[in-house]
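Trainee: kindly return the folded structure for what I paste below:
(chains A and B)
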Amino acid sequence: MKIEILGMGCPKCRKLTGIVTETVKELGISAEIVKVDQISDIMNYGMMITPALAIDGKVVVAGRIPSKEEIKQWILEKQEK
Amino acid sequence: MITSFADWLVFRILGLSASTLFGSAVHFFVYDTIKIFFLLVTIIFIVSFIRTYFPPERTRAILSHKRTYIGNILAALLGIVTPFCTCSAIPLFLGFIEAGIPLGVTFSFLVSSPMINEVALVMLWGMFGWKIAVIYIFSGLVIAIISGIVIGMLKVETLVETIVHKTPACCAAVPGQTSFRERVDFAKSYTLDILKKIAIYVLIGIGLGAWIHGYVPADFLAQYAGKDKWFAVPLATLIGIPLYSNAAGVIPMVKALVEKGVGLGTALAFMMAVTGLSLPEFLILKKVMKVKLILIFASIVGVGIMFTGYLFNLVIK
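Mentor: Down below sits the predicted model:
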């Protein structure tokens, strides 16, 4: 599983990275956490608002920091598929 | 009601006298703190709830069919309700331009969105009353609309850097439908976030304001920065540019300065410069536009702000 954090290095993006890292650890799954901070890559996702979170190439949330519970749910949904 | 609570706390419980400088400063602090936090919670909650209906994709869709004038007016108005933070300035800017929104219309949005923000409005309303808050919104809109129209007429599209990427920005995957419950949750967490971020500045601002209120003699500043001093407005505008993140703390101090003789137009110009002309935003925008364009943008908005300052120094007695 590949989890991407979209954002150009703002404080919120760093906070989101921390939450995602913790969540992945708590779930005990193996996931690659990637920071996407190049504007051309962010534009490839068509995002206009950051921070955003993409799991396996699909944006699940943008413009706010989700809770751990939400992130867990998204990850589990992906795993079921 | 807040006054009687502040009276009770400061004069009864703390046993301070209303006639001492210290007593009146503490009273001023308690009263303003309660009032401002009450307004902050209410207004930020309402504004962030409304915002859930205007994600940037929607704003872009509304603006993409519009031309100059109508487009500028709409962009300035939508700037109030579309969430904006400096770190999203670039993707937002590029997203707008690539969707075919004219550069001038995009700039109207870029001016109004940070300048007319809920924190500044609450602070103005709480400190100066609703009339000044309305004047602020109206002047902000006019500056945003005119700046955008002027930039549109200058034909400076060549000063925008091109960012090469594969997919067109038209078809963003917007995460599903939002329920009422989710909107309320979003508004709640957003309100808390903002409060946590600005609470300390609000307290410091009100504290300093209370000190100035109690200890600096009335009209002390009139001789240096009264409205008859021509340099007050441009100076206030310049000082405001690097103070972006502290809009919450700046306004209570400005209130106290106005009491001590600073012109109200000068104060308005200062607050608009604090919110509308932000150094960090300019540095970020450098990635997508040439320095020349940023300077043009800053000068036009700066002139607009100074004009507003002079105008209200003349009009408001």
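
Trainee: around chain B, pick out the residues from chain A.
Mentor: For chain A, the residues in contact with chain B (Cβ under 8 Å from any Cβ of the partner chain) are A:7-13, A:39-50, A:58-64. (Each C-beta comes from the backbone N, C-alpha and C, glycine too.)

Trainee: which of those residues fall within helices?
Mentor: Among the residues of chain A next to chain B, DSSP state H puts A:11-13, A:39-44 in helices.

Trainee: ranges for the strands of chain A?
Mentor: In chain A, the segments counted as strands under DSSP state E are A:2-6, A:32-36, A:52-55, A:58-62.

Trainee: give the buried residues for the second one.
Mentor: Neighbour-count burial for strand A:32-36, counted by 16 or more other Cβ atoms under 10 Å in any protein chain shown, picks out A:V36.

Trainee: residue nearest the middle of chain A, spatially speaking?
Mentor: A:L53 (2.9 Å; Cα atoms, centre = their mean).

Trainee: quick one: the residue nearest to B:A218 when sequence neighbours are not counted from chain A, how far?
Mentor: Distances taken as Cβ to Cβ, 6 or more residues apart in numbering or on different chains place B:K260 nearest to B:A218, at 6.2 Å, with adjacent residues excluded. Distance of B:K260 to chain A, given as Cβ to the nearest Cβ, to the nearest Å: 35 Å.

Trainee: next one: B:I200
Mentor: Distance from B:I200 to chain A, by Cβ to the nearest Cβ: 15 Å.

Trainee: what about the chain, any weak spots by pLDDT?
Mentor: All of this is about chain A. Counting by pLDDT under 70, chain A has low-confidence residues at A:81.

Trainee: please refer instead to chain B.
Mentor: Applying pLDDT under 70 to chain B flags residues B:163-177, B:244-246, B:317.

Trainee: for stretch B:264-274, which outside residues touch it?
Mentor: Applying Cβ atoms under 8 Å, 6 or more residues apart in numbering or on different chains, the contact partners of stretch B:264-274 are B:115, B:120, B:124, B:132, B:135-136, B:139-140, B:143, B:225, B:227, B:232-233, B:236-241, B:243-244, B:246-247, B:250-251, B:254, B:257-258, B:302, B:305-306, B:308-316.

Trainee: so where do the helices sit in the stretch 101-250 of chain B?
Mentor: B:103-115, B:118-128, B:130-154, B:180-215, B:222-225, B:232-240, B:247-259 (DSSP state H, counting those that start in this stretch).

Trainee: which of the ones you listed sits most buried?
Mentor: Of all the helices of the stretch 101-250 of chain B, helix B:103-115 has the most neighbours on average by mean count of other Cβ atoms under 10 Å in any protein chain shown, namely a mean of 27.

Trainee: wait, the residue nearest to B:A218 touches B:I212, no?
Mentor: Yes: look at B:K260 against B:I212 with Cβ atoms under 8 Å: they come within range, at 6.6 Å.

Trainee: what sits against the residue nearest to the centre of chain A?
Mentor: A:3-6, A:16, A:20, A:59-62, A:66, A:71, A:74.

Trainee: wait, which of those is closest to B:E161?
Mentor: Lowest distance from B:E161 to these (Cβ to Cβ) belongs to A:L6, with 19.8 Å.

Trainee: gap between the closest residue in space to the closest one that isn't next to it in sequence and B:H27?
Mentor: Leaving aside its sequence neighbours, A:L6 sits nearest to A:A52 (Cβ to Cβ, 6+ apart; 4.0 Å). Distance of A:A52 to B:H27, computed by Cβ to Cβ, to the nearest Å: 47 Å.

Trainee: who's more crowded, these two?
Mentor: More crowded of A:A52 and B:H27, by other Cβ atoms under 10 Å in any protein chain shown: A:A52, with 26 against 22.

Trainee: looking at the helices of the stretch 101-250 of chain B, which is nearest to B:I80?
Mentor: helix B:103-115 (6.4 Å).

Trainee: is that closest one up against chain A anywhere?
Mentor: No: Helix B:103-115 stays clear of chain A (Cβ under 8 Å from any Cβ), getting no nearer than 11.5 Å.
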